[in-house]
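Undergrad: I'll drop the sequence and a predicted model, then ask my questions.
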Amino acid sequence: MDESAQRIDIYLDHEQDIRVRCPECGKFYGMYDHAPERIYRHLNTCEMATYIHVRLPRVNCPQHGVKQIASEVGENGSEMTYAFESYVIKVAQECSIEATARLCGLRWDKGWNAVERAVNRGIACKEHRIPSRIGVDEKSIAKGHQYESLVYDLDAGTVEFVCDNRKQESLETYYQQFSKKELSGVRAVAMDMWDPYIAATKAYIPEAEKKIVFDRFHVMKHVLDAVDKVRKEEHRKLSEHGKEILTGTKYLWLWNKENIPVWRREEFEVLRSQDLHVGRAWGIKENLRHLWDYRYEAPMRRYFKRWYFWATHSRLEPIKKVARMVKAYIDNIVTYARHHITNALAEGINAKIEKIKRMACGFRNRSHYRTAIYFHCGGLDLFPKLPTKPTICFKTV
């Protein structure tokens, strides 16, 4: 114990008369020699940093040659004991890497190395399978239209795959990991109306036309954009005549009816009574929301047909344009009635990823960005595990 340095060093050794287990075949043989001394950081003792010093034996296996035994102190390639590395991972799940390093008394790179090892460990032991219901979405990494493509397990609520860009090849990289038989087990795929994702899914998923479900959130986002365009144009024309009644009303027309704040509902009702173009656009938007109340495809199509006639005869160009766009994709919008899935989970995970990105003050390195996503959202088994079998025994055993 060094009180001035607030440090405790523990030295481990073994008795001479031992046999050691080969890490390849699991059989015990005589000890060959020792590896150079390794120092593992351990959990603090009495608030002092604790280090364990050990020279790991090497085994002389007739079949596999000279091998270093598996360490029972910490993982090979790690400078932390199993207990301390597990503690670092738990802290990193709650904090940024900078805060984790500060709280655990580590350098930044040591804390990040623990996270990388945890992700690699989790991916290595993860079951090779494709979920039966998946979601596909993109997430920006930085300004300038830099994106990552993400695949989600909609049932488990986890990120299954992350890759660069949002091209057709990006999603195909995920599908190519699986056989045709495995891909045929996919029952539904939720995505936005992004043609490269559609093409990749149709190229690899059998009967994809019946399994793709265009996400409700993204359909409504296009309609909301059209409503806002109508508001902007009408506000500009009214302002030219000195009327400012639409000033500060943007979100009144974008909110769902039930989400309008109580203290603004009277104001909203007054605006609706004034026969505004944006009022008609809002009504068309609100009625499209009922499309997803149906549970069968045929009634959904009949309802959409009536809504489409209303939208295209509204004399509102942004609404007419978005109505034609929705009609072009209606076949995979009404598949919602069969599968009842959306990308709402993906949007929730994206919000979590955005929080992680802010905590880290952004990621300039795509590899680190992917690692952080897998660490926090991958549902991986991150923690190191002790060897299941003893690595040393006495000759008499």
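TA: Ah, there it is. It should be emphasised that the depicted structure is a prediction, and the values quoted were computed from it without experimental measurement.
Undergrad: now the strands for the stretch 101-250 of the chain?
TA: 133-142, 146-153, 158-164, 188-191, 212-214 (DSSP state E, counting those that start in this stretch).
Undergrad: Flag every buried residue along the longest one.
TA: If I follow you right, that is strand 133-142. 133-139, 141 (16 or more other C-beta atoms under 10 Å). Where C-beta positions appear, they are placed from N, C-alpha and C, glycine not excepted.
Undergrad: Which SSE is immediately downstream of the biggest helix by length in the chain?
TA: Secondary structure of the chain read by DSSP state H shows that its longest helix is helix 216-240. Where DSSP states H and E defines the elements, the next helix or strand beyond helix 216-240 is helix 250-254.
Undergrad: can you tell me the average pLDDT over that next one?
TA: Averaging pLDDT along helix 250-254 gives 94.
Undergrad: Begin at 386 from now on, thanks
TA: Done: numbering now begins at 386, and the last item shifts to helix 635-639.
Undergrad: How about residues contacting that helix?
TA: By C-beta atoms under 8 Å, 6 or more residues apart in numbering, the surrounding residues in contact with helix 635-639 are 609, 612-613, 616, 645, 649, 652-653, 656, 663, 666-667.
Undergrad: are any of those buried, and which?
TA: For those, buried by 16+ other C-beta under 10 Å: 609, 612-613, 616, 645, 653, 656, 663, 666-667.
Undergrad: Residue 732: which of the contacts of helix 635-639 is nearest?
TA: Nearest to residue 732 among the contacts of helix 635-639 is residue 609, at 14.4 Å by C-beta to C-beta.
Undergrad: which stretches of the stretch 436-585 of the chain have low pLDDT?
TA: 529 (pLDDT under 70).
Undergrad: Helices along that one, start to end?
TA: Secondary structure of the stretch 436-585 of the chain (DSSP state H, counting those that start in this stretch): helices located at 467-477, 482-489, 493-510, 553-560, 565-568, 580-589.
Undergrad: can I get those helices in TSV with mean neighbour count?
TA: Supplementary listing: these in TSV, determined by neighbours: other C-beta atoms under 10 Å:
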stretch	mean neighbour count
helix 467-477	20
helix 482-489	18
helix 493-510	17
helix 553-560	19
helix 565-568	12
helix 580-589	18
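Undergrad: if we can go back for a sec, tabulate the strands of the stretch 486-635 of the chain in a markdown table, adding columns for distance to residue 506.
TA: As requested, those are exported to a markdown table (distance: least, C-beta to C-beta, whole Å):
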| stretch | distance to residue 506 |
| --- | --- |
| strand 518-527 | 24 |
| strand 531-538 | 19 |
| strand 543-549 | 16 |
| strand 573-576 | 29 |
| strand 597-599 | 34 |
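Undergrad: right, and these - which one's nearest residue 433?
TA: strand 543-549 (38.7 Å).
Undergrad: Summarise which helices and strands that closest one is packed against.
TA: With contacts taken as 3 or more C-beta pairs under 8 Å, 6 or more residues apart in numbering; DSSP states H and E, strand 543-549 sits against strand 531-538, helix 553-560, helix 751-762.
Undergrad: Nearest to residue 598 among the ones you listed would be which one?
TA: Short answer: strand 531-538, nearest of the helices and strands packed on strand 543-549 by C-beta to C-beta, at 13.2 Å.
Undergrad: Listing partners with orientation, what would you give for that closest one?
TA: strand 518-527 (antiparallel), strand 543-549 (antiparallel) (DSSP bridges).
Undergrad: coming back round to it: residue 696: which of the strands of the stretch 486-635 of the chain is closest?
TA: strand 597-599 (17.3 Å).
Undergrad: List the contacts of the closest one.
TA: Contacts of strand 597-599 (C-beta under 8 Å, 6+ apart): 573-578, 583, 586-587, 714, 717-718, 720-721, 724, 726-727.
Undergrad: quick one: average confidence on that strand?
TA: 96.
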